[in-house]
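Asker: Turn this into a structure:
(one chain, ligands or ions: 1)
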Amino acid sequence: MNDLNNSRVSRRRFAGGMAAIVGYLGLNPAGALLAQATDPRAMSGGRVSASEYDELVKLCFNENPFGPPESVMSAMTGALKYANRYGYPDGDIVEAIAAHHKVGVDNVLIGAGSSEILDIVGNTFLSPGKKVIGVEPTFSAVYEHATGLKADAIRLPLRADFQQDIPAIIKAANEDPAQIGFVYLCNPNNPTGAIVPKDDVKQLLDGLPAGIPVLIDEAYHHFVESRDYGTSVPYVLEGRPVVVTRTFSKIAAMAGMRLGYAIAPSHIMRHMAPYIDNLSVSALAKWGGVASLRDTAGRDRVRTDIIQIRKKTTTALEAMGYPVIPSEANFFMVNLHRPVRPVIQAFRHEKILVGRPFPPMLEHLRVTVGTADEMERFMAAFKTIMKA
Ligand code: PLP
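Answerer: Residues are numbered from 1 along each chain as shown. Have a look, this model is predicted:
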């Protein structure tokens, strides 16, 4: 229950029921502590005090451990003076995103985090009887939202090498195109960190029945090094039915500020228009987002540091005999060769929050890359826990 997606589900459906969360996890009462400490509401909303929260090493939500750079902080602080307004200057955030991607302003939609955009895509293209297709595990908020809409999800397993099975997605979509609302492709995928190579993305888009929208979630785009990877924004310019989503939560360290966006062709934007809330993004997030896009040096620093720390940590884990799935993101998955749930709980006792279980990969642990100091604490705890 400790992933962001599930926090939204829990807000929506479990309405504050910690007992339900514990029940979902299949935890005994001792496990309630784990649930409490890994529930995002607890972290942000008072179940864990602010000082307890500050003490925790937070390697659970793929956040940026460095925090916003000075450039973003001062832009957000400057925007505080608009706190009492609806119609304020917004720093030209949409124009800035459009210029960044060399697309028109009509191709840009901002939201309160990319989560809001993912929901808008679901609201637009799903209805009872329609299905979203994608792999499992992935960022399952998309599937949970489909269920909430009384639609359904076709969840295909990953291949044995933990890659997304593109031919299987194409085959499933072609079996009954009329029932498909849209295809979801998370690239790189959360929780594995694995990319879908650009040739495979093309294979997917070319192989799907004509007109089926494809949501390509590039939340972790900025951390990718592989030359086999490419953004899918060019497909938008071709007019294909593709929605590419990005977020300021990761590279820009603005998860708590809530800013994400979609790039999509105007015919798709027109479909989504009725579901858009023009007031969902705060003034602070807009001004912070513009500053972040300008601060390319700050973004490069985050990327370089995260990749270097990830490589150091994963090399050490592999040297100890724990294989790591090759990751191109700010997190990775390590094979523990034992059930992950008790290990998550053991980390909690060490005041370290790690990723939730991701069925069916129940012997893999997802770890967000933290600061160098945080990863030293993680490694020390890992050695102790895995010896036990
Ligand atoms: N997409 C993926 C793959 C994610 O992992 C996340 C958050 O962790 C999101 C989207 C949502 O991010 P946000 O709503 O903060 O932009």
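Asker: Tell me how far the residue in the stretch 51-200 of the chain that the ligand sits nearest to lies from residue 146.
Answerer: Closest approach between the stretch 51-200 of the chain and the ligand, counting by C-beta to the nearest ligand atom: residue 113, at 2.6 Å. Every residue, glycine included, has its C-beta placed from N, CA and C. Between residue 113 and residue 146 the computed distance is 18 Å (C-beta to C-beta, to the nearest Å).
Asker: List the residues that contact the residue of the stretch 51-200 of the chain closest to the ligand.
Answerer: Shown here is residue 113, whose contacts under the criterion C-beta atoms under 8 Å, 6 or more residues apart in numbering are 247, 249, 255, 258-260.
Asker: Weed out the non-buried ones from the residues you listed.
Answerer: Listed as buried from those are 247, 249, 255, 258-260; burial here means 16 or more other C-beta atoms under 10 Å.
Asker: Restrict the residues you listed to those that also contact the ligand, please.
Answerer: 247, 249, 255, 260 (C-beta under 6 Å from any ligand atom).
Asker: Help me confirm that the second one is found in a helix?
Answerer: Read it as residue 249. No: inclusion of residue 249 in a helix is not indicated when DSSP: H, G, I helix; E, B strand; the rest coil is applied; the result is coil.
Asker: That one contacts residue 260, doesn't it?
Answerer: Yes: here residue 249 reaches residue 260: they are 6.9 Å apart, a contact under C-beta atoms under 8 Å.
Asker: Need the max-distance pair from the ones next to the ligand among the buried ones among the contacts of residue 113.
Answerer: Comparing all pairs in these by C-beta to C-beta, the longest separation belongs to 255 and 260, at 10.1 Å.
Asker: Kindly point out which residues are neighbours of both of the two.
Answerer: Taking C-beta under 8 Å, 6+ apart as the contact rule, the neighbours common to residue 255 and residue 260 are 113, 249.
Asker: which one is residue 351 nearest to, not counting chain neighbours?
Answerer: For residue 351, the nearest residue in space outside its immediate sequence neighbours is residue 56; the separation is 5.4 Å by C-beta to C-beta, 6 or more residues apart in numbering.
Asker: Oops, could you answer that again for residue 232 instead?
Answerer: With C-beta to C-beta, 6+ apart as the criterion, residue 232 has its nearest non-adjacent residue at 4.4 Å, and that residue is residue 216.
Asker: I'd like the average pLDDT over whichever helix or strand the one you found is part of.
Answerer: Assigned by DSSP states H and E, residue 216 belongs to strand 214-217. For strand 214-217, the mean pLDDT works out to 98.
Asker: List the strands paired with that strand, with their directions.
Answerer: As defined by DSSP bridges, the strand partners of strand 214-217 come to strand 180-186 (parallel), strand 242-247 (parallel).
Asker: now the helices: where do they sit in the stretch 1-150 of the chain?
Answerer: For the stretch 1-150 of the chain, the helices identified by DSSP state H, counting those that start in this stretch occupy 4-9, 18-25, 31-38, 40-45, 50-55, 70-79, 93-101, 114-125, 141-148, in order along the chain.
Asker: Out of these, which gets the lowest mean score?
Answerer: Lowest mean pLDDT within these: helix 18-25, at a mean of 31.
Asker: For the stretch 201-350 of the chain, which segments count as strands?
Answerer: When assigned using DSSP state E, counting those that start in this stretch, the strands of the stretch 201-350 of the chain occupy the ranges 214-217, 242-247, 260-263, 331-335.
Asker: Can you pull out the residues in contact with the longest one?
Answerer: By that I understand strand 242-247. Outside strand 242-247, the residues within contact range by C-beta under 8 Å, 6+ apart are 113-114, 117-118, 121, 205, 213-219, 221, 231-233, 235-236, 259-265, 268.
Asker: what's the offset of that strand from the middle of its chain?
Answerer: Here the centre of mass of C-alpha atoms in strand 242-247, compared against the chain's by C-alpha atoms, centre = their mean, to the nearest Å, lies 12 Å away.
Asker: That strand vs helix 93-101, what angle?
Answerer: Interaxial angle, strand 242-247 versus helix 93-101 (axes from the mean of the first three to the mean of the last three C-alpha atoms, to 10 degrees): 110 degrees.
Asker: Done for today, thanks.
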